[in-house]
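[1] Model the structure of this input:
(chains A and B)
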Amino acid sequence: MIQFILKRLAVAIPTLLVLIVVSFFLMKMAPGNPFAGEKTVPQSVLDNIYARYGLDKPEWQQLAEYIYNVVFRFDFGPSFQYRDRTVNDIIAQGFPVTFTYGAWAFVAASVIGIALGVVAAVRQNSWADYLSVGFSIGAQVVPNFVMAPILVLIFTLWLRWLPGGGWNGGHWSNVVLPVIALATSYFANIARITRSSMLEVLGSNYIRTARAKGLPGWKVIFGHALRPALLPVVSYLGPVFVGMVTGSVVIDLYFSTGGIGQAFVNSALNRDYSTILGITILLGALTITANLVVDVLYAWIDPKIEL
Amino acid sequence: MAPVLTVKDLSVRFALHESVVTAVNNLNFTLEAGETLAVVGESGSGKSQAFLALMGLLAKNGSVSGQALLGDVDLLALSKTELNQYRGRDVAMIFQDPMTSLNPALRLKQQLAEVLVLHKGQDQKQAETSAIEMLERVGIPEPAKRANAYPHQLSGGMRQRVMIAMALLCQPKILIADEPTTALDVTVQAQMLDLFKTLTEDFGTSLVLITHDLGVVAGVADRMMVMYGGRPVEKGTVDDLFYDPRHPYTLGLLHSTPHIAKRAERLDPIQGMPPSLENLPKGCAFHPRCAFAFDRCLAERPALTQLENGREKACFHEGPMRYGKVA
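    Numbers count the residues shown, from 1 in each chain, chains lettered A, B, ... in the order given. As a prediction, this is how the structure comes out:
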């Protein structure tokens, strides 16, 4: 197992390098550059700016220097947009915010989704099933850019329970609404996958064996059915986790949380080369890690998988 | 001595979209202590459903009526929770497919021990020790090591041994084995039948062997019950039914069994297909496939009637039957 993890981490390094190279050239191929504005700037000024950010060098050299700095100094370079901030600063400021509400939303979506899915499967075709399926679909068809203002309307403007935005150092009252808004778009899928997988497991021969032993119903479900039924859910949760902790521009915009989702979108709009690359690498590294965790969980759930 | 199990008027019905199908129709039988009863029939004869119903394991659209007296407890009148006290402890069941009947995510010792923890109140450690002893009794080599294995690490035969061990842990009064050898190699089948015989004798357990394999019946069973279209058509001792079948269907089954001594080019099946339960033939359900059918068989369904030596049959045909061409 440890060998497996080490091997996967070793493979992660070339993967990230490929990611950097491809993103770098895609970015350069896009029209425009960080300093193209509506005002016409004298060529001599532009030359000075280019020299300041190293854009006067040939592209392969820019790439090589960038990779060198990232690998050996863990330095993602200065932001092309904000003169006083480095990419490291932007990530260090935005990522903890995003990670906080993203991780809570992930926990909430997983727990609620799996619980609803299990209830729906166990009580198939009963009111509990219809209710949880209906609830899930309802949550799924409301996109988070609709959900967010609705939440603000109810909890901030009508009930006056929670602040409608801001981060306030991650105070719980500022975290709740972003978490709900982000979780609703995911738990429905989790519930649906859990339900269908649970139904399949409940119809299997080994569940019949468990019932024939005289085990009480809850023991059959939690002791025998749940773990095998979670296999497809776990494979879905890996990418969902990455999606959630890297945030959502919608959440950041509506709740002014100042997370990394908004920073990412802004950097792309501004052609802020170094910030785009920095956040892309972060996403790539998180994805690789999440997939590794999923694979390890797989082996735990299904003993047939040996790492 | 009173029988261990008395089943009266057992019927099993399944609700389909627009109709109700009767899979088992007014089944009556008794099971004596320590005996082995073979229940024989083609697919769809209701033989499995009858016993799944006793165990409370019918599919969701299934319903059951009648009585199944275990001592003086009617298994069919119990709630699911009450039934849980009996199944696994007094009545255990083994299924056809050992490859899928064990939980792939749990170690064998967990799956075995939980039965003892549940029904005998043993603690986990005690239960695991007893589980390992039982694995040894069913002939699993290195049982202490195997107990830690997962099902996929065992062969089909070994898994069926584990199933047998699991079923016998509480020394049940009745063991129901639903086609326990169908999925296994012939050589393993023979070992498995030996195992059934020894263990049920040791524990005084009555065995119900549901099968379509008459070779299996001949080797192990004391009495047999032949089922067709959801009803029993002939009952009696294995010797009586094998040497002197009185129902044309029993006769047909016996003839369709390949013989090692007869070098036949082709097998000799019963003509036609088993009937659809949704649309059973009028009169005797077997008449369309029966060589001895006459007018009365088409109009009226023969009831089970008592014959000598405790045997019963449901057929109007009297006198000898010679097996020949079946129309």
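[2] which residues in chain A form helices?
    For chain A, applying DSSP state H gives helices covering A:2-29, A:43-53, A:59-73, A:87-122, A:127-141, A:144-151, A:172-202, A:205-212, A:217-219, A:226-229, A:231-245, A:249-255, A:260-269, A:273-301.
[3] hmm, the shortest one touching chain B?
    This means helix A:217-219. Yes: Helix A:217-219 is in contact with chain B by Cβ under 8 Å from any Cβ of the partner chain, via A:217, A:219. In this view, the C-beta of every residue, glycine as well, is placed from N, C-alpha and C.
[4] neighbouring contacts of that helix?
    Helix A:217-219 is contacted by residues A:122, A:210, B:80, B:114 when judged by Cβ atoms under 8 Å, 6 or more residues apart in numbering or on different chains.
[5] what's the closest residue to the third one other than its chain neighbours in contact with, if anything?
    So the one you mean is B:K80. Nearest residue to B:K80, sequence neighbours excluded (Cβ to Cβ, 6 or more residues apart in numbering or on different chains): B:G56, at 6.4 Å. Shown in contact with B:G56 (Cβ under 8 Å, 6+ apart): A:211, B:75, B:78, B:80, B:83, B:87.
[6] if you average pLDDT over stretch A:24-35, what comes out?
    Mean pLDDT, computed over stretch A:24-35, is 84.
[7] pretty sure A:S248 contacts A:G261?
    Yes: under the criterion of Cβ atoms under 8 Å, A:S248 makes contact with A:G261 at 4.9 Å.
[8] Which residues of the stretch 1-150 of chain B lie near chain A?
    Checking the stretch 1-150 of chain B against chain A by Cβ under 8 Å from any Cβ, the hits are B:55-57, B:60, B:80-81, B:83-89, B:92-93, B:95, B:97, B:100-106, B:114-115, B:118-119, B:150.
[9] Spell out for me the ChimeraX command that would select the buried members of those.
    Here is the ChimeraX command that selects the buried residues among these (16 or more other Cβ atoms under 10 Å in any protein chain shown):
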select /B:55,56,57,83,84,86,87,88,89,92,93,95,97,100,101,102,103,104,105,106,114,115,118,119,150
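[10] Go through the residues of the stretch 1-150 of chain B next to chain A and flag which are in strands.
    Judged by DSSP state E, the subset of those located in strands is B:92-93.
[11] what about the residue positioned nearest the centre of chain B, which SS state?
    Most central in chain B under Cα atoms, centre = their mean is B:I210, positioned 2.1 Å from the mean C-alpha point. Following DSSP: H, G, I helix; E, B strand; the rest coil, we place B:I210 in the strand state.
[12] where does it land on pLDDT?
    For B:I210, the model assigns a pLDDT of 93.
[13] Check the one 10 residues further on too.
    The model reports B:V220 with a pLDDT of 87.
[14] just checking, it touches B:L195?
    No: checked against Cβ under 8 Å, the pair B:V220 and B:L195 is beyond contact range at 10.4 Å.
[15] List the contacts of the residue nearest to the centre of chain B.
    By Cβ under 8 Å, 6+ apart, the neighbours of B:I210 are B:38-39, B:47-48, B:51, B:176-179.
[16] Out of the residues you listed, which is nearest to B:H255?
    Closest approach to B:H255 among the contacts of B:I210 (Cβ to Cβ): B:A38, at 17.7 Å.
[17] Can you name the residues of the stretch 51-200 of chain A that neighbour chain B?
    Checking the stretch 51-200 of chain A against chain B by Cβ under 8 Å from any Cβ, the hits are A:Q124.
[18] which residues touch the residue in the stretch 51-200 of chain A positioned nearest to chain B?
    Nearest residue of the stretch 51-200 of chain A to chain B (Cβ to the nearest Cβ) works out as A:Q124 at 7.7 Å. Listed by Cβ under 8 Å, 6+ apart, the contact partners of A:Q124 are A:199, B:60.
[19] if we go to 7 Å?
    A:L199 (Cβ atoms under 7 Å, 6 or more residues apart in numbering or on different chains).
[20] out of A:S248 and A:G261, which sits in the more crowded spot?
    Under the neighbour definition other Cβ atoms under 10 Å in any protein chain shown, A:S248 and A:G261 were set side by side, and A:S248 has more, 27 against 23.
[21] Give me the residue ranges of the stretch 201-307 of chain A where confidence is low.
    A:247 (pLDDT under 70).
[22] Chain neighbours aside, what residue packs nearest to the residue in the stretch 201-307 of chain A that chain B sits nearest to?
    Residue of the stretch 201-307 of chain A nearest chain B, by Cβ to the nearest Cβ: A:G214 (3.4 Å). Leaving aside its chain neighbours, A:G214 sits nearest to B:G88 (3.4 Å; criterion: Cβ to Cβ, 6+ apart).
[23] ok, now A:V176?
    That would be A:L162: by Cβ to Cβ, 6+ apart, it lies 5.7 Å from A:V176.
[24] I figured the one you found hits A:I154, correct?
    No: the criterion here is Cβ atoms under 7 Å, and A:L162 misses it with A:I154 at 9.5 Å.
[25] ok, so what distance separates A:V18 from B:V4?
    Separation of A:V18 from B:V4 (Cβ to Cβ, to the nearest Å): 70 Å.
[26] Give me the more crowded residue out of these two.
    B:V4 (21 against 11).
[27] next one: phi and psi at the more buried one?
    phi -70, psi -40 (degrees, to the nearest 10).
[28] residues touching it, list them.
    B:31-33, B:70, B:173-174, B:206.
[29] Quick one: those residues as CSV, columns for pLDDT, neighbour count and secondary structure too.
    Compiled in CSV, those are given as follows (pLDDT from 0 to 100; neighbours: other Cβ atoms under 10 Å in any protein chain shown; DSSP: H, G, I helix; E, B strand; the rest coil):
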residue, pLDDT, neighbour count, secondary structure
B:L31, 94, 21, strand
B:E32, 92, 15, coil
B:A33, 90, 14, coil
B:L70, 92, 20, strand
B:K173, 93, 21, coil
B:I174, 94, 22, strand
B:S206, 94, 23, strand
